[in-house]
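pasting the structure only:
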């Protein structure tokens, strides 16, 4: 009974880790190109 629950928890943890990893990569690429993140989108600096 514990094994399916443990597998589900591990899958959720792996999914969330992947989401945070991708968001961090997105932020780094955006900043490297002189932009900033607004509503999860990379916007060039100076545009509001």
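Arrived safely, thanks for sending. None of these values were measured; they are calculated from a predicted model.

okay, now the unreliable bits of this structure?
Applying pLDDT under 70 to the chain flags the ranges 48.

now do the strands in this structure.
In the chain, the strands defined using DSSP state E lie at 35-38, 41-44.

out of the ones you listed, which one sits most buried?
Mean neighbour count (mean count of other CB atoms under 10 Å) peaks for strand 35-38 among the strands of the chain, with a mean of 14. C-beta coordinates here come from the backbone N, C-alpha and C atoms, glycine included.

center of this structure - which residue?
The centre of the chain sits closest to residue 23, judged by CA atoms, centre = their mean, with a distance of 2.4 Å.

which of the strands of the chain sits closest to residue 2?
strand 35-38 (39.9 Å; CB to CB).

the closest one pairs with which strands?
Applying DSSP bridges, strand 35-38 is found paired with strand 41-44 (antiparallel).

kind regards, and thank you for your time.
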